[in-house]
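1. any chance you could fold what I've pasted below:
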Amino acid sequence: MTDKPSSEIDNPIDVVIAWVDGSDSRLAEKRDRYLGLTGGNAHPGAHPTRFASINEIRYCVLSVFRFAPFVRNLYIVTDGQDPDLYDDIKTWFPDRVSSVKIVDHSEIFEGFSSCLPTFNSISIGNMIWRIKGLSDNFVYFNDDTFLIRRVEPEDFFIKNRPVLRGKWVPAPLFRVMWNILRKSYNKYIRNNHGYQPKASFHLGQWNSASLLGLKWRYFTNSHTPHTVNRKTIEDFLSRNKPLLEKNISHRFRHHSQFTFISLSNHLQLLRGNRLIASPDLAYLQPYNRPKDYIDRKINLCEKDKRIKFICVQSLEMCGEEEQERLLGWMKKRLKIEQN
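-> Numbers count the residues shown, from 1 in each chain. Now for the predicted structure:
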């Protein structure tokens with residue numbers, strides 16, 4: 001017998017988290033080898049902050065178990081790594097130890113091994129729907145995104161349709177034209193034929209919209225957990241294998257890539273999904289901010305009960321005092337303070 005609602009049994013929801021520990025010397029050496037460098041960051045998609053980790057995934061995983069107990073399985077996608085969360089989960093959520101699955105890149109890139117190793121979160125995201133045993137409805141987290149309040153299945157899916165958190169905005173035509181001009185300038189004036197513009201959060205979303213035929217606007221998502229119907233994305237990418245192969249061929253982020261989440265969102269919208277919700281998000285970039293920045297953000301999260309998600313970017317660049325102030329607050333929210 002089970003006390004779970006039948007909807008959770010019949011239509012389970014899984015969570016997927018893509019994670020990398022950039023301090024792993026084995027991974028760093030492999031990254032440098034493919035960059036062809038002895039040091040530095042010549043490639044715009046190879047900045048160290050893209051791979052840095054101060055164990056944020058610990059709080060991400062524990063927040064899912066604390067505030068989304070309906071989640072069936074939690075898959076952590078890595079390149080031969082393990083975040084070693086067993087003791088934490090056994091201590092605070094002992095009945096969820098078996099719910100955590102470590103998935104290697106080799107599994108999701110099966111049949112596309114020529115694209116490995118990859119250091120590109122966009123490419124990795126394109127392949128997570130291929131996780132063996134993944135539910136048809138799943139939620140994709142970045143490891144710097146956390147839950148801070150109780151959520152329900154309906155915050156993510158309603159009648160098997162993803163709830164989309166974002167809004168329609170005009171196409172970034174100026175950014176597209178500016179990138180074309182910069183590439184031409186570097187190629188023909190500076191004789192820099194290898195120049196590539198930096199991959200952009202919004203440009204990747206626009207690339208997804210434009211390949212589906214949109215011309216003047218696109219649906220932009222925020223840094224929230226992202227809802228996906230696996231069958232919808234599997235159907236599209238399976239029918240467009242050359243498109244997928246080209247998109248995942250870049251070992252580092254590339255300005256021409258489309259983002260998996262935005263592709264999923266636009267496919268949903270073009271198929272009539274009108275479940276559009278507000279982000280319910282607090283977005284933090286605490287590095288190089290005024291001293292009271294973190295406290296103000298914490299107060300906002302405490303007072304505004306609508307905020308369910310937070311995203312904290314580049315926390316590893318902050319000082320220890322700032323890190324502890326924010327992570328200490330997270331421990332209180334998650335009720336994982338040591339006695």
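
2. ok, residue 76 - how many residues close by?
-> Other residues lying near residue 76 total 22 when counted by other CB atoms under 10 Å. Heads up, the C-betas are built off the backbone N, CA and C, glycines and all.

3. I should have written residue 183 there, sorry.
-> 16.

4. any idea how far residue 256 is from it?
-> With the distance defined as CB to CB, to the nearest Å, residue 183 ends up 11 Å from residue 256.

5. residue 11 too?
-> The separation that residue 11 has from residue 256, given CB to CB, amounts to 36 Å.

6. and what of residue 27?
-> 25 Å.

7. what sits against the closest residue to residue 170 other than its chain neighbours?
-> In space, and not counting its chain neighbours, residue 170 is closest to residue 217: 5.6 Å by CB to CB, 6 or more residues apart in numbering. By CB atoms under 8 Å, 6 or more residues apart in numbering, the residues touching residue 217 are 168-171, 209.

8. top of the residues you listed by neighbour count?
-> residue 209 (24 neighbours).

9. quick one: the strands in the stretch 1-150 of the chain?
-> 13-18, 74-78, 100-104, 137-142, 145-147 (DSSP state E, counting those that start in this stretch).

10. just name the shakiest helix or strand of this structure by mean pLDDT.
-> helix 6-10 (a mean of 55; mean pLDDT, DSSP states H and E).

11. hang on, the earlier thing: now distance to residue 59 and mean pLDDT too, for the strands of the stretch 1-150 of the chain, in CSV please.
-> Converted to CSV, the strands of the stretch 1-150 of the chain look like this (distance: least, CB to CB, whole Å; pLDDT from 0 to 100):
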stretch, distance to residue 59, mean pLDDT
strand 13-18, 11, 97
strand 74-78, 13, 97
strand 100-104, 14, 97
strand 137-142, 11, 97
strand 145-147, 5, 97
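
12. in JSON lines, list those along with distance to residue 272.
-> JSON lines is the format used below for the strands of the stretch 1-150 of the chain (distance: least, CB to CB, whole Å):
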{"stretch": "strand 13-18", "distance to residue 272": "22"}
{"stretch": "strand 74-78", "distance to residue 272": "29"}
{"stretch": "strand 100-104", "distance to residue 272": "32"}
{"stretch": "strand 137-142", "distance to residue 272": "17"}
{"stretch": "strand 145-147", "distance to residue 272": "28"}
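
13. ranges for the helices of the stretch 101-250 of the chain?
-> Under the criterion DSSP state H, counting those that start in this stretch, the stretch 101-250 of the chain contains helices at 105-108, 121-127, 173-184, 201-211, 230-239, 241-247.

14. out of those helices, nearest to residue 221?
-> Closest approach to residue 221 among the helices of the stretch 101-250 of the chain is made by helix 201-211 (6.9 Å; CB to CB).

15. show me which parts of that closest one are buried, residue by residue.
-> Within helix 201-211, the residues scored as buried using 16 or more other CB atoms under 10 Å are 202-209.

16. need these in a markdown table (columns: pLDDT and distance to residue 228).
-> Formatted as a markdown table, the buried residues of helix 201-211 follow (pLDDT from 0 to 100; distance: CB to CB, whole Å):
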| residue | pLDDT | distance to residue 228 |
| --- | --- | --- |
| 202 | 89 | 20 |
| 203 | 92 | 21 |
| 204 | 92 | 16 |
| 205 | 96 | 15 |
| 206 | 95 | 19 |
| 207 | 95 | 18 |
| 208 | 97 | 13 |
| 209 | 97 | 16 |
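
17. dump the residues you listed into a markdown table; add distance to residue 31 as well.
-> Putting those into a markdown table (distance: CB to CB, whole Å) gives the following:
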| residue | distance to residue 31 |
| --- | --- |
| 202 | 26 |
| 203 | 23 |
| 204 | 21 |
| 205 | 26 |
| 206 | 28 |
| 207 | 24 |
| 208 | 26 |
| 209 | 31 |
